[in-house]
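Colleague: Okay, structure incoming, though there's no sequence with it:
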């Protein structure tokens with residue numbers, strides 16, 4: 001029984017560490033998390049679409065409170081700080097490893113650092129777990145590529161169905177057959193082709209500005225809340241000595257989930273599948289640490305004040 005309990009707690013310690021380290025697999029704008037605000041719909045899941053047929057993840061980072069869905073406190077966003085264990089990167093992973101090992105030792109009366117045979121054993125465990133994560137990630141990427149539907153070439157063009165406000169690429173072959181069906185979004189404001197063009201431009205421009213670490217450019221393209229999250233991520237990258245280089249961003253497919261107006265502002269939530277070259281690079285040497293060409297599907301929400309330009313207000317993982 002005692003051996004079974006030890007094995008159980010050892011597995012739990014490894015799972016905790018893997019959970020913290022797995023957060024490093026995502027880079028790009030937003031680090032692959034769901035963040036931002038969608039006005040009064042921040043905590044309501046956007047409708048599923050043909051581009052994103054699965055439910056979007058709930059917001060993980062937002063200054064909007066459930067009791068005050070329409071409020072945007074930019075001062076609170078600027079002053080938001082995460083705790084040590086909530087930080088991503090090497091320190092977060094090491095903290096998770098030490099925490100798991102320490103709890104294991106305390107549970108069996110061997111002291112905070114006695115559960116795994118001392119500091120050397122803990123470091124050895126963390127290295128082994130890191131190797132497991134790398135192998136698992138390579139296997140997962142291979143599985144995703146293997147199950148990705150093949151196409152003869154990239155999108156030949158884009159087609160806006162004015163009646164359904166559906167924005168999708170035409171197929172490269174087959175006489176322009178649609179990839180989607182007949183589902184219609186909820187559009188209370190009348191999204192136009194020019195709006196879809198603005199959304200696609202924001203997709204590419206925000207990624208490029210983030211790659212350049214250009215907060216000035218991001219302030220013109222995103223809400224103050226989103227800029228504060230980007231600034232936090234870029235500061236974290238700098239402290240870890242890495243740069244998130246993003247290039248070759250191309251929209252492959254997109255469609256509208258919903259569009260509405262509230263408190264004098266328009267909102268539009270759009271599901272987008274896009275390709276990009278997303279790499280994490282060592283700042284000093286330029287050595288590529290992880291990443292490369294890949295595809296992503298995300299749900300982006302855009303906001304514009306009356307008579308103003310669209311800005312990125314939220315990103316959710318599909």
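Modeller: That came through fine. Since the structure is predicted, the reported quantities are computational estimates derived from the model, not experimental observations.
Colleague: Helices of the stretch 151-300 of the chain, residue ranges please.
Modeller: Taking DSSP state H, counting those that start in this stretch to define them, one finds helices in the stretch 151-300 of the chain at 193-212, 215-221, 224-240.
Colleague: could I get those as JSON lines with mean pLDDT?
Modeller: Supplementary listing: the helices of the stretch 151-300 of the chain in JSON lines, determined by pLDDT from 0 to 100:
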{"stretch": "helix 193-212", "mean pLDDT": "98"}
{"stretch": "helix 215-221", "mean pLDDT": "98"}
{"stretch": "helix 224-240", "mean pLDDT": "97"}
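Colleague: Pull the contacting residues for residue 47.
Modeller: Going by Cβ atoms under 8 Å, 6 or more residues apart in numbering, residue 47 touches 185, 186, 257, 258. For every residue, glycine as well, the C-beta is placed using N, CA and C.
Colleague: Pull out the buried residues from the residues you listed.
Modeller: Taking 16 or more other Cβ atoms under 10 Å as the criterion, what is buried in the contacts of residue 47 is 185, 257, 258.
Colleague: Let's see which of the residues you listed end up in strands.
Modeller: Counting by DSSP state E, the part of these found in strands is 257, 258.
Colleague: Now residue 186: closest residue in space that isn't a chain neighbour?
Modeller: residue 258 (4.3 Å; Cβ to Cβ, 6 or more residues apart in numbering).
Colleague: Next one: that neighbour from residue 56, what distance?
Modeller: Using Cβ to Cβ, to the nearest Å, residue 258 is found at 11 Å from residue 56.
Colleague: quick revisit: of all the buried ones among the contacts of residue 47, which comes closest to residue 43?
Modeller: For these, the minimum distance to residue 43 (Cβ to Cβ) is 14.5 Å, reached by residue 258.
Colleague: for the closest one, which residues make a bridge with it?
Modeller: On the basis of DSSP bridges, residue 258 is bridged to residue 186, residue 269.
Colleague: list the contacts for it?
Modeller: Taking Cβ under 8 Å, 6+ apart, one finds 41, 46, 47, 185, 186, 187, 268, 269 in contact with residue 258.
Colleague: Give the bridge partners for residue 35, please.
Modeller: Beta-bridge partners of residue 35, as defined by DSSP bridges: residue 61, residue 315.
Colleague: Pretty sure it sits against residue 58.
Modeller: No - taking contacts as Cβ atoms under 8 Å, residue 35 lies outside contact range of residue 58: 10.6 Å.
Colleague: okay, these two: which has more neighbours?
Modeller: For residue 35 versus residue 58, neighbours defined as other Cβ atoms under 10 Å are more numerous around residue 35 (23 against 13).
Colleague: what pLDDT does that one get?
Modeller: On pLDDT, residue 35 comes in at 97.
Colleague: State the distance from it to residue 227.
Modeller: Distance from residue 35 to residue 227, by Cβ to Cβ: 12 Å.
Colleague: cool, and residue 237?
Modeller: Residue 237 is 15 Å from residue 227, by Cβ to Cβ.
Colleague: tally of neighbours for residue 190?
Modeller: Residues lying near residue 190 (other Cβ under 10 Å) number 10.
Colleague: what's the answer for residue 263, then?
Modeller: 8.
Colleague: just to revisit the earlier point, name the residues contacting each of residue 258 and residue 56.
Modeller: Contact criterion Cβ under 8 Å, 6+ apart; residues shared by residue 258 and residue 56: residue 46.
Colleague: those strands in the protein, which residues are they?
Modeller: Ranges of strands in the chain, per DSSP E, are 35-36, 158-161, 166-169, 186-187, 242-262, 265-282, 288-305, 311-317.
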